[in-house]
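**Q** Sequence first, then the predicted structure:
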Amino acid sequence: MNIPVKNCSSCGACANVCAHGAITMMLSKEGFYRPVVDPSKCVKCGLCEKKCPWENDVFNPNGSSKAPKTVAAYVLNEDIRLQSSSGGVFTILAENVLDDGGVVVGVAQLSSTRFGHIVVDNKADLAKLRGSKYVQAESGTIYRDVRALLKAGKRVLFSGTPCQVAALYAVLGNQANSANLFTVDVVCHGVSSVKVFENYIKELEREKSAMVLKTYFRDKSKGWRLFSMTSSLKMPAGNRESFSQTLHEDTFMRLFLRNLCLNKSCVACRYGKIPRIADVTLGDYWNIAEIHPEMDDDKGTSVVLLNTAHGEFLFNSISKGLVLCESSLEKAVAGNPCIVRSIRPHRNRAMFFENLNKYTLEELIQKCDGNLPLHWRFYYMVRGCLGRVKLRITNRLRK
Ligand SMILES: Cc1cc2nc3c(=O)[nH]c(=O)nc-3n(C[C@H](O)[C@H](O)[C@H](O)COP(=O)(O)OP(=O)(O)OC[C@H]3O[C@@H](n4cnc5c(N)ncnc54)[C@H](O)[C@@H]3O)c2cc1C
């Protein structure tokens, strides 16, 4: 397949439409899923290129509005709110679909370093989808699975990044306007490389002499704004511990937020803009304290865009479990530009990936991100040195 690498969002639409099983999504050198064609199976029908959402425009079949109704909201249930990345609106939408006998499709952590779309048919399993995982998710056969579910008459709520929602519509074709299908996209800053996350976990395991079981990317123990990356560790003695660092301290989160480890296509995202591709868009209402101060207690408030009448219908049926107030697109965008446009590329992205396996991630931040204020550079330099000394001592003691 001839999609230029900078344009492949790794959505996996091509692999899902290939009737000959000729396309496998494999991790590239940088750690993003890319289609690899088996020439012995490929019949050159061209369907993969015809369905590629990066090569062809895909639209929401319900007709997305250029001025979506915009709401600030959070879920009343405090446990759910604290386990969710923003205001927990996703869980309430999902529960509503499950109550109607439907299923929910979203991204779960599959292993310590892998993430992918799964189908959930009960409320207990919704916990697997809750919370953002800032790493590229494997699509597997998910779009085909949704097609089969719709064919069987199931109501389906599909959630993912904008490019994944576009991929679903591209794969479904005529079936995309099914009244049983609802889509949710997240306001997406971009997705990180799987290999970068693998290196992060390896470094953490070495530093702690432990096994990482699970990672929470948006732990709100210190607040929604000062969120933490928290990993649950299995220690050599068999006991469990957790390791937590705020977004300003954690190496992976700093790489992610500075756009160093994102997929190339994320800087020219075709679907993360107005009109949005999904029926409903969910994100963080970061400037809520200035716009609707009564909705802010630093536990997380969502910005909800109702892009289609279909999405508005779904949202109106759940408003009971929420605290909400009407807002406006302009106000939300002022605090969250990713609603309408892609992020800027980091000038040293190429340098970062070229050196990925030569240095630790902390060393790579020092090399590639020269804009840090002096006191932060000093802090990270000392931290990096201490980390290396500790590693050497641990290795010597092990011998
Ligand atoms: C990669 C990524 C980047 C994001 N960037 C921004 C941003 O810049 N600004 C902003 O306002 N919001 C961003 N978000 C969205 C935000 O973090 C919340 O996911 C969103 O507001 C929904 O929160 P919630 O509290 O309603 O529910 P939550 O329970 O927190 O939401 C979980 C939802 O996220 C989906 N999800 C989780 N991980 C992934 C993944 N790897 N790929 C695809 N879907 C996933 C799940 O399927 C589920 O639908 C991003 C999310 C992701 C996954």
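**A** Everything's here; your move.

**Q** rest of the way, CA atoms for contacts and neighbours
**A** Fine.

**Q** Gly102 contacts Gly153, correct?
**A** No - in this structure Gly102 lies outside contact range of Gly153 using CA atoms under 8 Å: 9.3 Å.

**Q** More neighbours: which of those two?
**A** Ranked by neighbour count (other CA atoms under 10 Å), Gly102 and Gly153 place Gly102 first, with 22 against 11.

**Q** Relative to the ligand, how far out is that one?
**A** 15 Å (CA to the nearest ligand atom, to the nearest Å).

**Q** What pLDDT is listed against that residue?
**A** Reported pLDDT at Gly102 in the predicted model: 98.

**Q** I'd like to know the phi and psi angles of it, please.
**A** Backbone torsions of Gly102, given as degrees, to the nearest 10, read phi -90, psi -170.

**Q** The one 4 residues further on too?
**A** Backbone geometry at Gly106, expressed as degrees, to the nearest 10, gives phi -160, psi -170.

**Q** Who are the contact partners of Val189?
**A** Let me fix one detail, which is that residue 189 is His and not Val. Cys266, Cys338, Ser342, Ile343 (CA atoms under 8 Å, 6 or more residues apart in numbering).

**Q** Correct me if wrong: the last one contacts Cys266.
**A** So the one you mean is Ile343. Yes - Ile343 is within contact range of Cys266, at 7.2 Å (criterion: CA under 8 Å).

**Q** more neighbours, the two?
**A** Set Ile343 next to Cys266 and count neighbours by other CA under 10 Å: Cys266 wins out with 25 against 19.

**Q** Just give the nearest non-adjacent residue to the more buried one, would you?
**A** Gly190 (5.2 Å; CA to CA, 6 or more residues apart in numbering).

**Q** Against the ligand, how distant is Gln83?
**A** From Gln83 across to the ligand, the span is 7 Å (CA to the nearest ligand atom).

**Q** What residues are bridge-paired with the residue of the stretch 201-350 of the chain found nearest the ligand?
**A** The minimum distance from the stretch 201-350 of the chain to the ligand, using CA to the nearest ligand atom, falls at Gly283 (3.1 Å). Residues in a beta bridge with Gly283, per DSSP bridges, are Val303.

**Q** so it makes contact with Ser86?
**A** Yes - contact criterion CA under 8 Å: Gly283 and Ser86 qualify, at 6.7 Å.

**Q** what about the top strand by length along the chain, distance to the chain center?
**A** Scanning the chain for the longest strand, with DSSP state E as the assignment, gives strand 211-219. In terms of CA atoms, centre = their mean, to the nearest Å, the gap separating the centre of strand 211-219 from the centre of its chain is 15 Å.

**Q** Residues contacting it, please?
**A** Contacts for strand 211-219 (CA under 8 Å, 6+ apart): 82-85, 109, 111-112, 131-134, 201, 204-205, 224, 227-235.

**Q** Among those residues, name the buried ones.
**A** Using 16 or more other CA atoms under 10 Å as the burial test, the contacts of strand 211-219 include 82-85, 109, 112, 131-134, 201, 204-205, 224, 227-235 as buried.

**Q** dump the residue contacts of Val156.
**A** Neighbour list for Val156: Val97, Gly102, Val103, Val104, Val105, Val146, Leu149, Leu150, Asn180, Leu181, Phe182 [criterion: CA under 8 Å, 6+ apart].

**Q** Which of these sits closest to the ligand?
**A** Val105 (6.8 Å).

**Q** What's opposite that closest one in the beta bridge?
**A** Counting by DSSP bridges, Val105 is bridged to Val119, Phe158.

**Q** list the contacts for it?
**A** Neighbouring residues of Val105 by CA under 8 Å, 6+ apart: His117, Ile118, Val119, Val120, Val156, Leu157, Phe158, Ser159.

**Q** Among those, give me the pair with the biggest separation.
**A** Greatest spatial distance among the contacts of Val105 (CA to CA): His117 and Val156, at 13.4 Å.

**Q** residues in contact with stretch 303-312?
**A** Counting by CA under 8 Å, 6+ apart, 62-73, 182-183, 275-276, 278-285, 315, 329, 332 sit against stretch 303-312.

**Q** Can you tell me which of those residues end up in strands?
**A** Using DSSP E, the contacts of stretch 303-312 in strands are Lys69, Thr70, Val71, Ala72, Ala73, Phe182, Thr183, Val280, Thr281, Leu282, Gly283, Asp284.

**Q** The first one touches Leu329, doesn't it?
**A** Just to be clear, that refers to Lys69. Yes - using CA under 8 Å, Lys69 is in contact with Leu329, at 7.4 Å.

**Q** what's the domain layout of the chain?
**A** 5-51, 57-347 (automatic domain parsing).

**Q** Give me whichever of those is most buried.
**A** Highest mean neighbour count among those (mean count of other CA atoms under 10 Å): domain 57-347, with a mean of 20.

**Q** now the end-to-end length of that one.
**A** Separation of the first and last residues of domain 57-347 by CA to CA, to the nearest Å is 29 Å.

**Q** now do stretch 246-266
**A** End-to-end span of stretch 246-266 (CA to CA): 24 Å.

**Q** so what's Gly21 scoring on pLDDT?
**A** 96.

**Q** Next, work out how far apart it and the ligand are.
**A** For Gly21, the distance to the ligand (CA to the nearest ligand atom) stands at 24 Å.

**Q** Tell me if I'm right that that residue and Ala15 touch.
**A** Yes - taking contacts as CA under 8 Å, Gly21 lies within contact range of Ala15: 7.3 Å.
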